[in-house]
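Undergrad: Got a sequence here, can you build the structure:
(2 chains)
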Amino acid sequence: MAHIKVVRRSMRPEEWINLRFGWLKRYIYKEKHEIDTFVIKDARQVSEMNFEFYDDEFRALKKGDMYFTPDGTAFIEADYELPAHLEGKEFCFALKTAAEMIVKVNGVYVGGIDPNRERINLSDYVEGKRLHFEIMGYNRSKPDDERNPESLSVRGCRQIFEGGYIAVVNKAVQSLVYDLELLTDAALSEVFNEDFSALVIRELDAALNLIDFDDVRDEDVRAASEYIDKNIFSNKEYKGSGSVALVAHSHLDIAYYWRRIHAVQKNLRTVLIQLRLMDKYRDFKYAHTQAYTYETVEKYYPEIFEELKKRIAEGRFEPVGAMYVEPDCNIPSCESLIRQCLYGQSYFREKFGLTVNNCWLPDVFGNSWILPQILKKSGVDYFVSNKMSTWNDTNRFPHNNFIWRGIDGSEVYACVPPTHFISWNMPSQVQENWEAYQDKNEGGQTLQMFGYGDGGSGATEEMIELMHRFEKLSVMPETEHTTGSEFLKKNFESNDKLATWDGELYLEMHRGTFTTKSKLKEYNRRLEFMLRDAELLSVLRIKKGEAYPAEKIREIYKKLLINQFHDILPGSHITPVYRDAIADYEEIEKELCTIIGTGSEYFNTLNFKRKNLTFIPDENGEVIRRGEKGYYAIPDIDALSSGKISAKNAAADWISVNGYNVETPFYSAEFAADGSFVSLRDKSLCREWVNGDFNKLKMYHDTPGNYDAWDILPNYKDRPCEFTVKKPVEFVKADGECAEFSVIFATEKSEWQMIIRFFRQARGIEVEHIVDWNEKHKLVKAEYGCNVLSRELICDTSAGIIRRETHRNTSWQQARFEVCHHKWCDMAEHGGGVALINQGKYGVSAENNVMALSLLRSTIRPDPTSDMGEHDFCYMIYPHAGDAVSAEINKKAFEYNIPLRKADVTANLPDFGALWLQSVKLSENGKKIVVRLCEQNGERGAITLPEEVEVLNMLEDEIGKTDRIEYSPFEIITIAMNKEC
Amino acid sequence: MEEYINEYIRPRLQGDGGEITFLKQEGNEVTVLLQGECSKCLILDRCLKWIEQRIEVDRNEKVKIIGIRKKPYFQDV
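TA: Below you'll find the predicted structure:
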């Protein structure tokens, strides 16, 4: 006989409470007067503050009408005469919508409305009986927070107008509603003591019995509130434990499911809402990140910016996060991260007189090991980032309040809050935070951020009202509403009990973001180095009497930094965001080409002699590389010097090909039909490099689920897919320096050509991939099974090397099945190894003796067109003697990534020895030349300079003087020199 | 019609995370494929109606839009 589940049909007490709670909310407004004069004009935003209108004229907007359009902005206006009895009384504007609105009445920005809030106080901001409304509404299909179920149910491009009202709030009902929000969450969330829950349900039921819901009267509502005070809030028998700091914050993605042009209004709405909450609640404080967002308020909404400055001066509106935007912290180079701090801090100093001493990156996808030093030298002592605690898919990150030691040994105080950075300040969320907190005995308070976010929005009146009631709820942890900096100082400074985490803050999720949207990564790398050279060459031209283009370079740098935002560069965004980024990159490249200029000779911008084979673009050249004609040559140009290079017409007799067997001066190689190496025998080192699949392209099904653009799951290897060889590897051509082989793969929809280049004078083997890519949910990797016994993969971080284990002994190594590296990675044993030197590939995996470079993905969410179309990219296989450091792989990687520039300049810079000349620029104050040096090999040493120089921090403040630099492993040193260099 | 859908309608839907591809037109019926956020939109019919209205305004054609959703099997929302 089939089992029949018994369904309880009668209402439980808690259901009965919820039903009456819902009914009570209908009485929040004592009066509502419909505004029936609304008119609307639909538009589409085309750039910051610029709109294309569908019609020239306004049309009437009535309750029940459809409004908003796909990718639309609506301009709504109304004129209304206030009922006489409301003059001098407290009243508000109420409008329920799934859209986001900035509301101006009688010329005053009165507040913001969005799915998380439906009313704005008017009576404190407007005078007179005639009200003129100007509303800018913008409707993005992803609401601010899809954790809010009410928002989720109404998302969509076309909305139904539910009317706008002048309303008067019934404060007694509203207060009881807040009590019920607090208590139903506490009682029904199952995170508190069950006896306490039973008490609350019993007494709430009794309190609500005092109200006749057929005839809700104020005195009954007040009686219910008094009953709750007496029978629940006064009961202190149920003791909570713990101490939680509550910091109001709104996470604002400056691009994600919206373009950067829309973030201007999203940010303004957020700022405005928080300022209005500060007007109402004297104790309310709020933390806001990203100097860029402050810049947009200053630029487009100066009156709000003035209000903002006053609240900042009061210490209530708190700029947090020293950086210009919240960048991805895996892919940007060391210098980019320094500039995030420099331009962020410069803005905060100039506008508010503040040096922000914390880095606030709640949503970034893991944090590079190079960060602590950069932060410390940029005036930052504290670091806050949430995701490792809440998003790790394998291991529980063991600390929340701790010390983070960086690659060079620098230390910052670090807070990885136990719970999500978006919360709505419910008692259960505060309790969950305390329960998840792992440093209860050593770390002091735990940090709970509250406020809606992703697209801004922030704290609500409800969150603050609930917070004011927390102390009445004895079962809760002790709470303190504070600022970010107060929390950090109070709990970290001089706390000698904190544990230390020495290593990268690897996020065990979002591993696909090292690879998704391949072109963004390639552009970012190239432009970072172009900026380096543009600054350097501009400095060298100062002594020729040319003006340093400081403003232009700063503008370009900021544009690059914006595009390093953690939902732009990682690729986790919709189609138009990608188009915007590419357009920015094209513009940056064009402007940098103009600044770099041209000359009669090639100038080596590196501070070491160029002696590795280099591709020289030349329209008469016979090699076509990445669509450009040219030839290969060894420049032989000294550090920071000029020279001429010309193609040599030598015979191609250095290579012999016999079927799949190839002899070069360096190797005896044997191909398989698919272009992989069956053997790669090193003639001078007398050893075989191949052990397994080597230079083998492998395609996998790549279906990580909902976080499609973000994630690669470890089981991708379980589902390899066929990658048919359409045209087996064949010898194509050779000249005096280079010989090319080609193999073509195909699927039903894509074609993939791999060109393999051997060289006469270089042991590097270059691989170029020319791809017409039309797949869905596929990942392609190039795999290298090396004949070395190594248990670590050495990866470039852009400012030193990190060693990652290649075994799978523990869950920590298992979780790191895909990691981020910069210009190169290397697998070596004592006598030699194999390096892969790339030009913009960041994802790599390594297991035992196999390393695999991630080349392309094809995700469909958030962008169904992601990575589709043509690609052309290169990297170098570099077998070598010794280890990566003795083989100077890092120098080779710089040579591979930074081309020779044509420029007629001379340099008078001193010899910086083994230190990498990371940056040469005019100081922000225009008085000195700033030189940044970076130790990248993990070595200690000293250099003597020809004259005394100023030692600077990364904000370009002088911190000393010296003529001798003693450096330690991975140290970054900034000095200032005079303009004659 | 295909050009109009591609160049006028598509960028607007993409602006909200959606995606539309023209499939065919038979008489006054225009069939489109909807992906991305459109594939799971709970109020897609309103948007299709808007597309019909725009086509009427911009192209002086009265058409019926038939939308075919292509929602990935793994998406839970």
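Undergrad: got a pLDDT number for residue 43?
TA: No chain specified, so I'll use chain A. As predicted, A:Ala43 sits at a pLDDT of 97.
Undergrad: wait, I meant chain B there
TA: Model confidence at B:Ile43, expressed as pLDDT, equals 89.
Undergrad: list the contacts for the residue nearest to it when sequence neighbours are not counted?
TA: Counting by Cβ to Cβ, 6 or more residues apart in numbering or on different chains, B:Ile43 lies nearest to A:Gly156, which is 3.9 Å off, once chain neighbours are set aside. Any C-beta I mention is one placed from the backbone N, CA and C, and that applies to glycine too. Counting by Cβ atoms under 8 Å, 6 or more residues apart in numbering or on different chains, A:Gly156 touches A:Ala98, A:Ser141, B:Cys41, B:Leu42, B:Ile43, B:Leu44, B:Arg46, B:Cys47.
Undergrad: Please list the residues of chain B that sit near chain A.
TA: Residues of chain B lying close to chain A (Cβ under 8 Å from any Cβ of the partner chain) are B:9, B:11-19, B:35-37, B:41-44, B:46-47, B:49-50, B:72, B:74-77.
Undergrad: If you drop the residues flanking it in sequence, what lies closest to the residue in chain B that chain A sits nearest to?
TA: The minimum distance from chain B to chain A, using Cβ to the nearest Cβ, falls at B:Gly15 (2.7 Å). Spatial nearest neighbour of B:Gly15, chain neighbours left out: A:Asp71 (2.7 Å); criterion: Cβ to Cβ, 6+ apart.
Undergrad: Is that neighbour in contact with B:Asp16, as I believe?
TA: Yes. The pair A:Asp71 / B:Asp16 is scored as a contact, 5.5 Å apart, by Cβ atoms under 8 Å.
Undergrad: ok, these two, which is more surrounded?
TA: Higher neighbour count among A:Asp71 and B:Asp16: B:Asp16, with 27 against 24, using other Cβ atoms under 10 Å in any protein chain shown.
Undergrad: Could you give the backbone dihedrals for that one?
TA: The phi and psi torsions at B:Asp16 (degrees, to the nearest 10) take the values phi -110, psi 20.
Undergrad: That one against B:Ile43, yeah?
TA: No. Applying Cβ under 8 Å, one finds B:Asp16 not in contact with B:Ile43, separated by 11.9 Å.
Undergrad: Let me know the secondary structure of whatever residue of the stretch 601-750 of chain A ends up closest to chain B.
TA: Closest to chain B within the stretch 601-750 of chain A is A:Gly705: 4.9 Å, counting by Cβ to the nearest Cβ. The assignment at A:Gly705 comes out as coil when based on DSSP: H, G, I helix; E, B strand; the rest coil.
Undergrad: how close does it get to A:Asp711?
TA: As defined by Cβ to Cβ, to the nearest Å, A:Gly705 lies at a distance of 7 Å from A:Asp711.
Undergrad: okay, these two: which has more neighbours?
TA: A:Asp711 (21 against 13).
Undergrad: pretty sure that one contacts A:Pro704?
TA: Yes. Contact between A:Asp711 and A:Pro704 holds when scored by Cβ under 8 Å: they sit 3.7 Å apart.
Undergrad: what's the overlap in contacts for those two?
TA: Common neighbours of A:Asp711 and A:Pro704 (criterion: Cβ under 8 Å, 6+ apart): A:Gly512.
Undergrad: for chain B, what spans make up the helices?
TA: If DSSP state H is used as the criterion, the helices of chain B fall at B:2-4, B:10-14, B:44-59.
Undergrad: ditto for the stretch 1-150 of chain A
TA: For the stretch 1-150 of chain A, the helices defined by DSSP state H, counting those that start in this stretch occupy A:13-25, A:149-153.
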